[in-house]
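A.B. asks: structure of the sequence below:
(2 chains)
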Amino acid sequence: AQKVTQAQTEISVVEKEDVTLDCVYETRDTTYYLFWYKQPPSGELVFLIRRNSFDEQNEISGRYSWNFQKSTSSFNFTITASQVVDSAVYFCALILKRVNLQGGSEKLVFGKGTKLTVNP
Amino acid sequence: DVKVTQSSRYLVKRTGEKVFLECVQDMDHENMFWYRQDPGLGLRLIYFSYDVKMKEKGDIPEGYSVSREKKERFSLILESASTNQTSMYLCASSLFGRAGILFYEQYFGPGTRLTVT
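C.D. replies: Modelled structure (predicted):
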């Protein structure tokens, strides 16, 4: 079964602290893609990163970094020097392999999300 | 920038009404999706479409139908709204896989918060 677990339901930090959001996934597929999304209080889900199963290089984008480890089936997200604007719910997601030969039957499996609060 | 728009941010309907939720994307994406988001249940896929007039059921299609007559527009229809359909509805779109990338990221609209009384 495909599954994404975000064990941390809520995290609260003080501004400028570093924070890591955990994501553990389960899949039997050898080819899969992982994503992180941010959902600020306004409600719109914002895409942050896409990673495929063959690319284990870590990624850094400004204060954001991602650590992908196939050996532990984890795709963790770290925010360095957190800011109040980082306060949001963060979702990790796994996409299932296409099952419809005609086209693009895709299903994004989301974790339950981690609510991050950054206090001034 | 990808733009996915939804017809309403907030909607209040009565039980038994037929409800239309509209979604439009401007990036020529082949795939479009409807999700609902509920506290404690996360995001659940209702329906998916990978082409005009094509649709696939998601996890929770009961009580819903969809229509995709044009590539840029994907409508979610609640045939007879019920109180258990009170939720946040999110539309998304993505490119079909190409150029060595099997799956592209989905871009989401701002959501429609539907209340059925």
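A.B. asks: what's the host helix or strand of B:C91 packed up against?
C.D. replies: Using DSSP states H and E, B:C91 sits in strand B:87-94. Applying 3 or more Cβ pairs under 8 Å, 6 or more residues apart in numbering or on different chains; DSSP states H and E, one finds that strand B:87-94 makes contact with strand B:4-6, strand B:19-25, strand B:31-38, strand B:73-78, strand B:107-108, strand B:112-116. In this view, the C-beta of every residue, glycine as well, is placed from N, C-alpha and C.
A.B. asks: quick one: contacts for residue 52?
C.D. replies: All of this is about chain A. A:31-34, B:101-102 (Cβ atoms under 8 Å, 6 or more residues apart in numbering or on different chains).
A.B. asks: actually, chain B is the one I wanted.
C.D. replies: B:68-71 are the contacts of B:V52 under Cβ under 8 Å, 6+ apart.
A.B. asks: hey, what's the residue nearest to the spatial centre of chain B bridged with?
C.D. replies: In chain B, the centroid-proximal residue (Cα atoms, centre = their mean) is B:W34; its distance is 2.3 Å. With beta bridges defined as DSSP bridges, B:W34 has these partners: B:Y47, B:C91.
A.B. asks: same question, A:V109
C.D. replies: Going by DSSP bridges, A:V109 forms beta bridges with A:L94.
A.B. asks: from memory it sits against A:L96, does it?
C.D. replies: Yes - A:V109 lies in contact with A:L96 (Cβ atoms under 8 Å); the separation is 6.4 Å.
A.B. asks: who has more neighbours, the two?
C.D. replies: With neighbours defined as other Cβ atoms under 10 Å in any protein chain shown, A:V109 and A:L96 compare such that A:V109 has more, 21 against 16.
A.B. asks: which residues does that one contact?
C.D. replies: By Cβ under 8 Å, 6+ apart, the neighbours of A:V109 are A:2-4, A:93-96.
A.B. asks: and with 7 Å instead?
C.D. replies: A:2-4, A:93-94, A:96 (Cβ atoms under 7 Å, 6 or more residues apart in numbering or on different chains).
A.B. asks: before we move on, the earlier item: name the residues contacting each of A:V109 and A:L96.
C.D. replies: A:Q2.
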